[in-house]
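Peer 1: Sequence first, predicted model second:
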Amino acid sequence: MWVVATAGHVDHGKSTLVRALTGMEPDRWAEERRRGMTIDLGFAWTVLPSGATVAFVDVPGHERFVPNMLAGVGPVPAALLVVAADEGWMPQSAEHLAALDALGVAFGLVVVTRADLADPGPVAARARAEVAGTSLGSVEVVPVSAVTGAGLPELRAALDRLGARLPAPLVDAPVRLWVDRCFTVRGSGTVVTGTLRAGRLRVGDELAVAADGSRVRVRGLHRLGVARDEVSAVSRVAVNLRGVARDRVGRGDALVTPEAFGRSELVDVRVSGAPVADLPGSVMLHVGSAAVPVRVRPLGPDTARLRLARPLPLLVGDRAVLRDPGRRLVAGGVTLLDVAPPPLARRGAAAARAGVLAGLDGRADPVGEVRRRGLVRAGDLARMGVPVTVTPVVGDWLADDGHWVRLGARLVAEVSQYAAEHPLESGAPVEVLRQRLGLPERSLVEALVRAPLRVHAGRVVAGSVSVLPEPVARAVDRLGVELRSRPFRAPEADRLVELGLGPREIGAAVRAGALLRLAGSVVLLPGAVEQAARVLAGLPQPFTLSAARQALDTTRRVAVPLLELLDGRGVTRRLPGDVRTVVSR
Ligand SMILES: Nc1nc2c(ncn2[C@@H]2O[C@H](COP(=O)(O)OP(=O)(O)OP(=O)(O)O)[C@@H](O)[C@H]2O)c(=O)[nH]1
Ligand SMILES: [Mg+2]
């Protein structure tokens, strides 16, 4: 089955048309029938010639009830725009069309009603022209008379063609059911209704009330008035809930698959239909069946940040209507670009954010999302509607490659910094490193550790010193302390003898990664290569051996083999004239 909402000016014949097509009464309330006017949403359905079932959400046309109209069309992806042949294009024809355009509704028909009262031709032409420039684009226009029945068979056929064009629903997606009605049934308790656009519901399922995350259980399900054990999208559904008082849910709430949606109070959006500068500072945001007051903070020419008065389960790419309740008009449409945006605390952050938003279009972009956030949980991305295609670095943490490499370098620096501050400790505690790197979890610190560093007993320790014989390990540690302040002053032969480091001991320490051998018994600490590269990069390029020696605060005995090692690793390159340059990467 599929679902279509009506739209159009008051008294143009929407409800009469739905009645003629379905034989059902969309105006449910006595007051509506007495006044001959729709006030709230109505629901009806019929079987089309193809055998497909179409359900109608009939909306009120009166200006005062536009918020109800928006709750009806918000969750429905197709529309039937109704214009009366004898009255023509009217204010709510335009406002309803603007709302459909804001929501990006791309499937629809124009029905020219009351064709027995006037020639439908001019109105058909006008409506076609008005619709052409909107998200609906080029649509079929069908003249009908609900009184004579003329045009109804053509309309049924056109509805079948429209239904056949609708995209297949994602039946395995999580459920987000925007509630459009809530009532109690004696003996059964609370019942909510809505349009199930994606996913499936089963009796016994647990769902969450999106506003507060509280859990409810599906006690019974109805689809078009018939009890079912299971209902798949797309469908109109009535859900009997266990464990909910009638006053806890209502129109504008959403029932969602637990843990599958976030709760957004701050969102960044692209605004269509009006310049951002023209928007009032506070407006109503209509999304799904919800209407929530929002504060608007312009960011770019067509982008803004909205602060919602209450959280909603929003996804990247969601479309919504901004309406000014004071002036009673649709102020614009929005596409959600980011449903969990960063705070704008620093000076210049808003301008930078506008630059980022300029490059977004509301389509899920997992790689870009990870790049912009640096580090993010896969679950959090999924809850924003961004399916995860990136491999986690640990657990469900996703990291941008560049950010991760920079964190790795900072980890190395913090570990040596800590060692310098605490020469008697065996290494830096993982928790201290987590705090210094500003990471949310210790597992991330551990995932950053690369040889020759390793994790041992809750600390990040250097290399495999501990596998060395105790006297050698101690000698290497003492050497490490001496080299810390002058890292390129390799110990002289007599100092090595004093330390008990003969050729065999040095060989073992080099193999264990605890020392770096430049030549014979010329040794430094393993980090010396990276440190030297940083120092040399700071010199005017190219540089001579003597300049390098001075910058590194060392002797030719160390500088010559060290530069050859750097040449070999591609860190430096030798140029004619016995000078070198650091290879940029
Ligand atoms: N002659 C004629 N009258 C019609 C036709 N369709 C609707 N009407 C009349 O137009 C009036 C308004 O019809 P409704 O169906 O209530 O209009 P609506 O668009 O649902 O109005 P709201 O829900 O209040 O916006 C009623 O008196 C209908 O009988 C038609 O095809 N021909
Ligand atoms: Mg009506």
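Peer 2: Nice, I can see it. Numbers count the residues shown, from 1 in each chain. Ligands and ions are numbered 1, 2, ... in the order given.
Peer 1: can we go C-alpha only for contacts and neighbour counts from here?
Peer 2: Will do.
Peer 1: Could you tell me which residues of the protein lie near ligand 2?
Peer 2: S15, T38 (C-alpha under 5 Å from the ion).
Peer 1: any weak-confidence spans in the chain?
Peer 2: Across the chain, the ranges flagged by pLDDT under 70 are 423-424, 463-467, 585.
Peer 1: Look up how far L525 lies from the residue of it positioned farthest from its centre.
Peer 2: Distance from the centre of the chain peaks at D494, with 63.1 Å (C-alpha atoms, centre = their mean). Taking C-alpha to C-alpha, to the nearest Å as the measure, D494 falls 18 Å from L525.
Peer 1: Right, and ligand 1 sits closest to which residue of the stretch 401-550 of the chain?
Peer 2: P440 (54.0 Å; C-alpha to the nearest ligand atom).
Peer 1: where does that residue fall, phi/psi-wise?
Peer 2: phi -80, psi -20 (degrees, to the nearest 10).
Peer 1: Correct me if wrong: P526 contacts A512.
Peer 2: No. Look at P526 against A512 with C-alpha atoms under 8 Å: they stay out of range, at 10.5 Å.
Peer 1: Give the residues shared as contacts by those two.
Peer 2: In terms of C-alpha atoms under 8 Å, 6 or more residues apart in numbering, P526 and A512 are not both contacted by any residue.
Peer 1: Please save the CA atoms from stretch 387-407 in PDB.
Peer 2: As requested, the backbone C-alpha atoms of stretch 387-407 are provided in PDB (Å, rounded to 0.1, in the frame of the first residue of the first chain):
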ATOM      1  CA  PRO A 387      25.300   4.600   7.400                       C
ATOM      2  CA  VAL A 388      28.800   3.600   8.400                       C
ATOM      3  CA  THR A 389      31.200   2.400   5.800                       C
ATOM      4  CA  VAL A 390      34.500   3.200   7.500                       C
ATOM      5  CA  THR A 391      36.500   0.500   9.600                       C
ATOM      6  CA  PRO A 392      36.700   1.400  13.300                       C
ATOM      7  CA  VAL A 393      40.100   2.000  14.900                       C
ATOM      8  CA  VAL A 394      39.000   0.300  18.000                       C
ATOM      9  CA  GLY A 395      35.500  -0.700  19.400                       C
ATOM     10  CA  ASP A 396      33.100   1.300  17.300                       C
ATOM     11  CA  TRP A 397      35.300   4.400  17.200                       C
ATOM     12  CA  LEU A 398      35.900   5.800  13.700                       C
ATOM     13  CA  ALA A 399      38.800   8.100  13.100                       C
ATOM     14  CA  ASP A 400      39.900  10.400  10.300                       C
ATOM     15  CA  ASP A 401      43.200   9.100   8.900                       C
ATOM     16  CA  GLY A 402      45.100  12.500   9.300                       C
ATOM     17  CA  HIS A 403      43.700  13.100  12.700                       C
ATOM     18  CA  TRP A 404      44.700   9.700  13.900                       C
ATOM     19  CA  VAL A 405      48.200  10.100  12.600                       C
ATOM     20  CA  ARG A 406      48.500  13.400  14.400                       C
ATOM     21  CA  LEU A 407      47.200  11.900  17.600                       C
END
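Peer 1: and L344, how many neighbours does it have?
Peer 2: The local packing of L344 (other C-alpha atoms under 10 Å) involves 12 other residues.
Peer 1: What residue, apart from its backbone neighbours, is nearest it spatially?
Peer 2: Counting by C-alpha to C-alpha, 6 or more residues apart in numbering, L344 lies nearest to A350, which is 5.9 Å off, once chain neighbours are set aside.
Peer 1: ok, now R489?
Peer 2: T554 (5.4 Å).
Peer 1: number of nearby residues for that neighbour?
Peer 2: Count around T554 with other C-alpha under 10 Å applied: 17.
Peer 1: which stretches of the stretch 1-150 of the chain form strands?
Peer 2: Along the stretch 1-150 of the chain, counting by DSSP state E, counting those that start in this stretch, strands occupy 2-7, 42-47, 53-58, 78-84, 107-113, 140-143.
Peer 1: Phi and psi next, for P491.
Peer 2: Dihedral angles for P491 - degrees, to the nearest 10 - are phi -60, psi 140.
Peer 1: Residue nearest the middle of this protein, spatially speaking?
Peer 2: M384 (3.5 Å).
Peer 1: gap between that one and D396?
Peer 2: 15 Å.
Peer 1: one step back: which strand or helix spans the residue farthest from the centre of the chain?
Peer 2: Assigned by DSSP states H and E, D494 falls within helix 493-499.
Peer 1: how far does that helix sit from the chain's center?
Peer 2: 61 Å (C-alpha atoms, centre = their mean, to the nearest Å).
Peer 1: just stretch 318-336 next, same as before
Peer 2: 21 Å.
Peer 1: One more: stretch 90-102?
Peer 2: 29 Å.
Peer 1: for the stretch 1-150 of the chain, what spans make up the helices?
Peer 2: 14-22, 30-35, 66-73, 91-102, 120-132 (DSSP state H, counting those that start in this stretch).
Peer 1: follow-up on the earlier one: what about the nearest residue to the residue of the stretch 401-550 of the chain closest to ligand 1 once chain neighbours are set aside, which SS state?
Peer 2: Nearest in space to P440, with sequence neighbours left out and distances taken as C-alpha to C-alpha, 6+ apart, is R434 at 7.3 Å. Following DSSP: H, G, I helix; E, B strand; the rest coil, we place R434 in the helix state.
Peer 1: just checking, R434 touches A447?
Peer 2: No. Contact criterion C-alpha under 8 Å: R434 and A447 do not qualify, at 11.3 Å.
Peer 1: Compare those two and say which is more crowded by neighbours.
Peer 2: Remark: of R434 and A447, R434 carries more neighbours, 18 against 14, as counted by other C-alpha under 10 Å.
Peer 1: L375 versus that one, what's the distance?
Peer 2: 14 Å.
Peer 1: Quick check: the residue of the stretch 351-500 of the chain nearest ligand 2.
Peer 2: G362 (34.3 Å; C-alpha to the ion).
Peer 1: Apart from its neighbours in sequence, what residue is nearest that residue?
Peer 2: G317 (4.2 Å).
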